[in-house]
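K.L.:
Using only what follows, build the 3D model:
(one chain, ligands or ions: 1)
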Amino acid sequence: MTESMENQQILLAARPNGMPTEETFEFREVPIADPKAGEVLVRTLYLSVDPYMRGRMSDAKSYVEPFQVNEVIPGGIVGEVVQSESDHLKVGDKVIGMLGWQKYNTVEATTVRQVDETIAPLSAYLSVLGMTGLTAYFGLLDIGQPKAGETVVVSGAAGAVGMVVGQIAKIKGARVVGIAGSEKKTTFLEQELGFDATINYKTTDNMEQALDEACPNGVDVYFDNVGGPISDAVMNRLNDFARIPVCGAISSYNKTDDDLGPRIQPKLIKSHAMIKGFVVQDYADRFKEGTQDLGKWLSEGRIKYEETIVEGFDNVPQAFLGLFKGENLGKQLVKVSEPSE
Ligand code: NAP
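P.N.:
Numbers count the residues shown, from 1 in each chain. Alright, predicted model coming up:
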């Protein structure tokens, strides 16, 4: 069935210095590899673009290996099995996995996991029920540990992780303050997701004052998605025994100079605060628990989610670059093809 069919791939063309550009990526056409015994051919339906991928484009030491130049970029993908040489999966099954940024992946069947589109739309497995939802769940509940009546501040609040953080904090009875970069986003957080207060960091000329107004009782939990000056300002308002899950620092990912800021140690001592970096994979053995709770809250209507879906494989680089310009509301995805009937 794959005879004469071409595959399209996206490779890392060069390691970016500062903000990546279209030149960071190279499109290539190759023949589709036929699956061998134990393998399946997966057609990409949805592809995830994520800020952490910027880190892997550099060759600096990190918690995961850097991407290799001239190789296909790996990422989260939901796809459909179109050819199977495995007893594990049949044609038509929908699967998720860390696959290559390409229209077709030929992989061992055991490297992908089947997903059930009767439980949730396929795209949700790359957003609220996927890596970003689990990041919010474990970072907030395990490290942040919000309690009823406390104030939880989340930066990057209208993104994939942030929107879930705020809603879980509401479920736990906290007062939730979201920081995001447009009025569309702050309106969405307050009107659609029930955040108690929001700050548009791009239009606020006095972040310290805006935080004082939004957090009259100080900050008990700060879920940090962005780092930089936004986080510097939140750190001045920590209550005693505050908890700070450090999830991301997107404001620094494309910096070419040192990311210098105020010293935070005295603030942590005075407030007895706990700050802890984490990666979602730290919780890999508890993903089932997280997915079950998120799925339950979703089905009960206690959590909503938003996705910004760009159409077409050609637009993958543009969708990725848009993350650093705040173009996405909720999870940024690319729809590459339609599922079969
Ligand atoms: P996202 O929030 O959906 O998308 C990125 C958002 O970051 C943009 O929409 C933009 O929103 C904001 N942003 C971009 N540049 C910024 C800047 N200079 N200052 C402040 N905000 C900026 O992405 P996500 O997938 O949910 O990830 C959020 C953060 O969590 C990222 O830092 C990511 O690396 C991290 N993360 C960590 C883990 C982990 O395991 N630790 C897992 C997933 C994600 P605005 O319009 O509001 O600026």
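K.L.:
Please make it C-alpha for all contacts and neighbour counts, starting now.
P.N.:
OK.
K.L.:
of all the residues in the chain, which ones are close to the ligand?
P.N.:
Neighbours of the ligand within the chain, by Cα under 6 Å from any ligand atom: 50-52, 132, 135, 156, 159-162, 180-182, 225-226, 247-251, 278-280, 323-328, 330-331.
K.L.:
Now for Gln102, how many residues are close by?
P.N.:
The local packing of Gln102 (other Cα atoms under 10 Å) involves 25 other residues.
K.L.:
Nearest spatial neighbour of it, chain-adjacent residues omitted?
P.N.:
Closest residue in space to Gln102, ignoring its immediate chain neighbours: Gln9 at 4.1 Å, by Cα to Cα, 6 or more residues apart in numbering.
K.L.:
so which strand or helix has the one you found?
P.N.:
In this structure, Gln9 sits in strand 6-12 according to DSSP states H and E.
K.L.:
Repeat that for Val221.
P.N.:
Assigned by DSSP H and E, Val221 belongs to strand 219-223.
K.L.:
Name the surrounding residues that touch that strand.
P.N.:
Contacts with strand 219-223, where a contact means Cα atoms under 8 Å, 6 or more residues apart in numbering, come from 139-140, 144-146, 150-155, 165, 234, 237-247.
K.L.:
If we use 7 Å, what do you get?
P.N.:
Outside strand 219-223, the residues that touch it by Cα atoms under 7 Å, 6 or more residues apart in numbering are 140, 144, 146, 150-155, 237-239, 242-246.
K.L.:
Just the buried positions in the helix or strand just after that strand, please.
P.N.:
Using DSSP H and E, the helix or strand that follows strand 219-223 in sequence is helix 228-234. Neighbour counts using 16 or more other Cα atoms under 10 Å place 228, 230-234 of helix 228-234 among the buried residues.
K.L.:
and after helix 228-234, which helix or strand comes next?
P.N.:
Next along from helix 228-234, by DSSP H and E: strand 238-246.
K.L.:
Determine the set of other helices and strands touching that next one.
P.N.:
Here strand 238-246 touches strand 219-223, helix 265-271, strand 274-277, going by 3 or more Cα pairs under 7 Å, 6 or more residues apart in numbering; DSSP states H and E.
K.L.:
Which pLDDT value goes with the residue nearest the centre of the chain?
P.N.:
By Cα atoms, centre = their mean, the chain has its centre lying nearest to Thr132, at 4.1 Å. Looking at Thr132, its pLDDT stands at 98.
K.L.:
now swap in the one 4 residues further on and tell me
P.N.:
At Ala136, the predicted lDDT confidence score is 98.
K.L.:
Against the ligand, how distant is the nearest residue to Glu22 once chain neighbours are set aside?
P.N.:
In this structure, Glu22 finds its nearest non-sequential neighbour in Pro317, 6.4 Å apart by Cα to Cα, 6+ apart. Distance of Pro317 to the ligand, given as Cα to the nearest ligand atom, to the nearest Å: 14 Å.
K.L.:
Which residues belonging to the helix or strand containing Pro317 are considered buried?
P.N.:
Taking DSSP H and E as the criterion, Pro317 maps to helix 316-322. Buried residues in helix 316-322, counted by 16+ other Cα under 10 Å: 316-317, 319-321.
K.L.:
and that helix, C-alpha only, in CSV?
P.N.:
Only the C-alpha atoms of helix 316-322 are listed here, as CSV (Å, rounded to 0.1, in the frame of the first residue of the first chain):
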residue,chain,number,x,y,z
VAL,A,316,4.7,22.9,11.9
PRO,A,317,7.7,25.3,12.2
GLN,A,318,5.4,28.4,12.3
ALA,A,319,3.3,26.8,15.0
PHE,A,320,6.4,26.0,17.1
LEU,A,321,7.8,29.5,16.7
GLY,A,322,4.4,31.0,17.6
